[in-house]
Each structure stands twice: as structure tokens, then as C-alpha cells.
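Novice: Fold the stuff below for me.
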Amino acid sequence: MQRIFRSFDFILPILFGVASFLLVVGPLPLEPTNIGWLNGLDPSTHYLGWEFFRYSPWTLPLGLNPSYGYSIGSSIMYSDSIPIMAIPFKVFGPYLPKPFQYIGLWTLICFILQAWFSWKLSKLISQDLIIRLLICGLLGIFAPPLLKRLGLHAALLGQFLLLAGLYLNLRPQNNQRLLCWLSLLVAASLINFYLLVMIITLWLANVMDQWINHKKITLVVLLKEFVICSLAVIFSMWQAGFFLGKDAPIRAEGFGSYKLNLLSLFDANHWSYVLPNIATPEDLGEGFNYLGLGLICLLPLSIFLIFSNRASLYPYIKRFPFLIFAFIGLTVFALSNLVSIGMYTVEMPWPSALTNLASILRSSGRLFWPVYYGLVFLILAIIAKNVSRKWVIIFFTSALMIQIVDTRAGWWPLHQTFNELSKRPFPNPLNDPFWASAAKQYKAVINYPLIDNQAQINWQPIAYYAASNQLATNAVYLGRRPGTASVAQFNAQIEAQMKSGEYDQTVLYILYPSPQSNYPNPIQYAPQKDFYGVVNGLTVLAPNWQGKTPNLAKPN
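Specialist: Predicted coordinates for the structure are as follows:
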């Protein structure tokens with residue numbers, strides 16, 4: 001029977017990935033016109049970023065998205081709209097249904113590839129198909145750090161990249177090594193910056209292990225590989241829209257807060273029916289690296305095998321010293337300069353320049369993911385190589401069942417949420433007839449004042465309205481704060497217009513009185529031709545208004 005399965009074993013991880021997706025996520029998000037399930041802070045901007053990009057003219061670099069970030073600059077990378085999906089789908093944009101989303105398809109692809117690369121890694125542990133399938137579930141699909149990203153950060157579901165990078169480090173080397181790493185680095189460049197940093201780290205560890213430890217590549221070959229891969233990464237990042245100029249939106253706060261806790265591996269954080277939550281400083285879930293109860297049950301056995309001298313870590317240390325060094329470095333960075341164990345925190349004396357540079361990767365807890373997968377691989381390898389087949393199957397089957405059932409505390413509510421939201425339309429509070437008329441007259445809808453923050457005021461309803469009517473807007477939510485200079489320049493420009501009463505006739509203005517705004521009192525406008533009033537709770541200034549004047553409240 002195993003001979004028959006072995007002939008078609010490439011199908012098994014695909015089937016496993018699809019089955020796991022249907023169990024955890026459900027089929028409804030695969031419907032391309034279903035955007036209701038994307039109603040949420042981060043999922044909304046992932047979808048809306050694509051919706052603006054879909055209708056925008058082609059640019060160079062390809063990933064620029066000027067309509068979503070009007071006057072401040074943006075790209076699909078900064079809305080986390082997954083360039084590797086967005087750019088190809090834009091080619092077919094005119095032929096796709098309206099609305100259209102690919103995030104459900106992307107999620108399915110991630111489940112399949114997570115299973116696929118877990119399957120590849122499992123072959124380094126065992127040739128037994130049953131054991132490999134069990135490893136596939138424990139190592140890849142039912143990893144809580146992966147499932148935690150469902151309905152939150154779609155691009156970060158691409159953790160199959162980390163499994164692929166781990167596999168390229170651990171497998172016997174072949175002549176296609178450069179092509180494999182080049183493909184992996186380019187893919188990461190077109191998916192997410194955090195994943196790219198982790199893949200670069202794994203690549204450099206592999207290069208050093210092959211050059212110094214195994215003498216598999218010469219210095220000339222190493223330099224050639226470094227130049228080729230570096231240029232490919234820079235080019236891919238440029239095309240994805242990473243580089244927006246000297247005042248690009250790359251500033252962020254949170255380093256030292258969104259970090260790994262020394263107890264994170266055992267902190268269920270509402271992902272277990274059995275284990276309690278461990279009190280930790282607030283990290284918004286970015287330090288979540290819970291092993292899962294099934295793997296925690298296997299941990300004591302692997303430790304026993306090591307200390308009873310039935311298993312040894314020395315072969316791994318000898319063969320992969322730079323990979324282990326990379327794991328240590330990633331762990332230190334994930335802990336940040338504020339090292340916590342539970343609620344107890346110690347501040348480490350990091351140089352301020354290093355802390356400022358590290359803020360680019362403010363959610364440092366994510367950098368532990370390669371270590372997480374390496375640790376799980378090690379636990380499974382120690383047991384599989386030092387226990388009889390019968391007991392390995394018993395232990396791994398029990399652990400996988402426990403893992404699936406117990407982590408259901410975390411993923412089943414997500415399944416229910418996706419199912420419920422899929423039955424509802426995407427929320428649209430801007431439903432007054434005024435908005436439909438305005439969409440026919442103006443080319444952009446803007447917020448004033450623009451605030452120095454990732455999310456602008458009322459960004460979601462305004463952005464959805466703008467996207468639905470193919471208008472540009474600065475009412476956005478981006479992965480980083482906009483540049484200080486662009487914010488100040490825009491606000492000064494609008495203040496000058498408000499003082500003079502000379503407005504851009506192609507722009508619909510949404511105004512917010514606040515200490516940050518510099519309203520003239522009263523605001524200058526021409527009542528005989530401009531509309532100034534409150535529509536659906538928003539203060540609107542419509543220059544040279546051509547539609548029917550709404551009989552609505554006047555602003556204070």
C-alpha cells in the first residue's frame with residue numbers, strides 16, 4: 001500500500017492543506033466577490049489597497065498606489081495587499097467581477113504550501129508516509145503562530161517561506177541551490193518585509209555554513225551569489241513599492257512593546273481549553289508563539305531522550321553552527337531591549353542608534369518564527385529517530401489530535417466569524433444620495449487635517465466610498481506613518497485654500513475641527529456655489545457643487 005501512495009505522495013500534502021483550510025477557515029472566503037469577511041481594521045486595508053490599485057494606471061515601479069494615499073504617497077506593499085498576488089491580478093482587472101478579492105485564494109495557497117514544505121522537511125526525519133503526514137500537521141498546518149494571523153495579517157500567512165528556508169538549510173545541497181534561494185528571496189520581497197528579513201537571515205546562515213563549515217562553495221561563488229541575490233531583492237522591493245522617496249512612510253513606534261516574552265512558547269493566550277493565559281505586558285499578540293498543547297506534551301519526551309543520551313544535539317551543532325547562531329540572533333532581537341518573563345521586565349542597555357534602527361521591525365516578536373519552526377522540527381526529529389515506529393505513530397497521532405482539538409479554542413471562533421461576516425455586505429455608512437452625486441463630480445475625496453498617524457480619521461468608510469467610485473483619497477490606513485514633511489505640506493496647502501476660499505474644483509473635502517487643524521473662523525467659501533454642511537455625520541465642503549443641495553445640518 002505504501003508503494004502505491006509513494007508513487008503519488010506529492011498529492012498528499014496538497015490534499016492535507018486543502019482539507020485543513022476547509023476545516024479551519026471554511027469555503028466561503030474563496031468566493032472572489034465575498035468581501036464581507038474582510039471587514040476589520042487590517043483586512044479592510046489589505047482589500048481596499050488592492051481595490052485602488054486595480055483601477056490605477058500602470059506605473060514604474062509597478063507597486064505604486066497613488067490613489068490610496070493621495071498627496072502622501074503609497075504602494076500596495078504599505079497596505080499589505082500582497083504584491084505577488086496584486087500585480088498579476090491587475091493585468092486581468094478589467095475582466096474580473098466587481099467587487100473582487102484574492103485574499104481567500106491566497107489563504108488557501110498558504111495552507112497548501114505550508115503543508116507542502118512541512119512534507120519536504122518531514123522527509124529529512126522519516127521515510128514513513130504515516131509519520132510524515134503526522135509531522136506535516138504538527139510542524140506546519142496546526143502551528144498556532146500561523147493560524148493566529150487568519151483574519152488579521154494576510155501577508156503573514158506566508159510562513160511557508162520560513163519552512164522552505166529551513167528546508168534549504170537542512171537538506172543535502174545540490175546544484176540548484178542558488179536558484180532555490182533566489183526564488184525564495186524574490187517571493188519574500190513580494191509578500192512581506194518581516195518575512196523577507198527572516199529569509200535573508202536564513203539564507204546568510206546557509207551561505208556561511210556551506211562556505212566555512214562544509215567547504216561546499218568557494219569565495220568567488222559566494223560573492224557571485226551575494227551580488228545576484230542582493231540585486232534581485234533590491235529590484236523586487238523597488239517594484240513592490242518599498243522605496244517611496246526620502247520622506248517615505250517607514251516610521252513606526254512599538255519596538256520593545258510588540259515583542260517575544262520568555263514564556264511565549266507556553267502562553268496559550270486564549271488558544272487552549274486547558275492551559276491558562278499567562279499574564280504578560282500588552283503586546284497586541286505580536287509575541288504570540290504558543291507551541292500548542294500537543295507539542296508541549298511531546299517536549300518532555302524529547303528532553304528525556306537528550307538527557308538520557310539516547311539523542312544528541314551535537315550533530316546539529318557541528319553541521320549547522322551559523323544556522324544556530326542565526327536562531328540565537330533572531331531570538332535576541334525578538335526579545336528586544338526590554339526582556340520580559342511574564343510581567344517582570346528588565347531593560348537591556350542597547351545603543352540608542354540600534355534601537356532607532358530596530359524600530360523599522362517594531363513587531364520584533366515575529367522574528368522568532370524561524371526559531372519556532374526549527375524548535376518544533378528538532379522536537380519531532382529527536383523522537384522520530386530514537387523511538388520505534390509503533391510508538392512514534394502513537395505519540396505523534398495523539399499529539400496531533402490534542403493539537404487540533406485544543407487549538408480549536410483559537411481558530412474555531414475565527415471560522416465562525418468568517419462564516420457570519422460572509423453573509424453580510426461590506427459596511428457602507430455613507431449612504432446619503434449626496435455621495436453618489438459627488439462621485440460623479442469629483443476625482444478625489446480628502447481628509448483635512450491629515451494626521452501624523454498610520455490610520456487617518458474615518459478612513460474605512462471614506463476609503464470604501466472612494467474605492468467603489470474610483471476616486472483618489474488620503475483617508476487611508478497604512479503599515480507605517482506618513483512622512484512628516486508630506487503631512488505638514490499637505491495641511492499647509494489646504495489651510496491656504498480655506499483662508500482664500502479658492503478650492504480645488506476636482507476635490508471633495510472632509511473637514512475635522514480639532515487642535516491640529518487651523519480653521520479660519522468662519523471658513524471661507526461661496527454659499528451661492530459651494531456646499532458646506534454635515535452629511536452622514538461628516539463635515540463636507542463641496543466646491544462648485546453641481547448636485548442637489550442636501551437639506552442637512554450645518555457644521556458648528
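
Novice: where in this structure is pLDDT low?
Specialist: Residues of the chain that meet the criterion pLDDT under 70 lie in 1-8, 214, 245-252, 514-521, 551-556.

Novice: What residues of stretch 172-182 count as buried?
Specialist: Neighbour counts using 16 or more other CB atoms under 10 Å place R177, C180, W181, L182 of stretch 172-182 among the buried residues. C-beta coordinates here come from the backbone N, C-alpha and C atoms, glycine included.

Novice: buried residues in the strand or helix carrying A326?
Specialist: For A326, the host element (DSSP states H and E) is helix 321-335. Neighbour-count burial for helix 321-335, counted by 16+ other CB under 10 Å, picks out F322, L323, I324, A326, F327, L330, T331, F333, A334, L335.

Novice: So which of the buried residues of stretch 172-182 is the closest to A164?
Specialist: Closest approach between those and A164, by CB to CB: C180, at 8.1 Å.

Novice: circling back to that earlier point, residues touching the helix holding A326, excluding its own?
Specialist: Helix 321-335 has contacts (CB atoms under 8 Å, 6 or more residues apart in numbering) with 169, 198, 201-202, 204-206, 208-209, 212-213, 259-260, 262, 287, 316-317, 358, 361, 364-368, 370-371, 374.

Novice: Can you name the next helix or strand after that helix?
Specialist: Assigned by DSSP H and E, the successor of helix 321-335 is strand 338-341.

Novice: What are the boundaries of the strands in the chain?
Specialist: For the chain, strands defined by DSSP state E occupy the ranges 338-341, 344-347, 444-448, 472-473, 507-511, 531-535, 538-542.

Novice: Name the residues of stretch 386-399 that are buried.
Specialist: Result for stretch 386-399 [16+ other CB under 10 Å]: buried residues N386, V387, V392, I393, F395, F396, T397, A399.

Novice: do the same with stretch 203-212
Specialist: Buried residues in stretch 203-212, defined by neighbour count with 16+ other CB under 10 Å: W203, A205, N206, V207, M208, D209, Q210, W211.

Novice: try stretch 493-505
Specialist: Those would be I494, E495, Q497, M498, Y503, for stretch 493-505 by 16+ other CB under 10 Å.

Novice: Surely the first one is in contact with N474?
Specialist: Right, I494. No - contact criterion CB atoms under 8 Å: I494 and N474 do not qualify, at 10.3 Å.

Novice: Mutual contacts of these two, please.
Specialist: By CB under 8 Å, 6+ apart, the residues touching both I494 and N474 are I446.

Novice: that older thread, L291 is nearest to which of the strands of the chain?
Specialist: Closest approach to L291 among these is made by strand 338-341 (16.6 Å; CB to CB).

Novice: for the closest one, packing partners?
Specialist: Contacts defined by 3 or more CB pairs under 8 Å, 6 or more residues apart in numbering; DSSP states H and E place strand 338-341 against strand 344-347.

Novice: Pull the distance from the helix holding A326 to the chain's centre.
Specialist: Offset of helix 321-335 from its chain centre (CA atoms, centre = their mean, to the nearest Å): 21 Å.

Novice: Compute the number of surrounding residues for L299.
Specialist: 17 (other CB atoms under 10 Å).

Novice: Skip the chain neighbours and tell me the closest residue to it.
Specialist: Once flanking residues are discounted, L299 sits nearest to I379: 6.1 Å by CB to CB, 6 or more residues apart in numbering.

Novice: ok, now I141?
Specialist: Spatially, and ignoring its direct neighbours in sequence, I141 is nearest to S20 (4.5 Å; CB to CB, 6+ apart).

Novice: quick one: the one you found and F52, what's the gap?
Specialist: In this view, S20 and F52 are 32 Å apart by CB to CB, to the nearest Å.

Novice: Tell me which of those two has more neighbours.
Specialist: Set S20 next to F52 and count neighbours by other CB under 10 Å: F52 wins out with 26 against 22.

Novice: Can you give me the neighbour number for Q489?
Specialist: Neighbour count of Q489, defined by other CB under 10 Å: 14.

Novice: do the same with the one 3 residues further on
Specialist: With neighbours defined by other CB under 10 Å, the count for A492 comes to 11.

Novice: Contact partners for I191?
Specialist: By CB under 8 Å, 6+ apart, the contact set of I191 is I82, P83, I84, A155, G158, L161.
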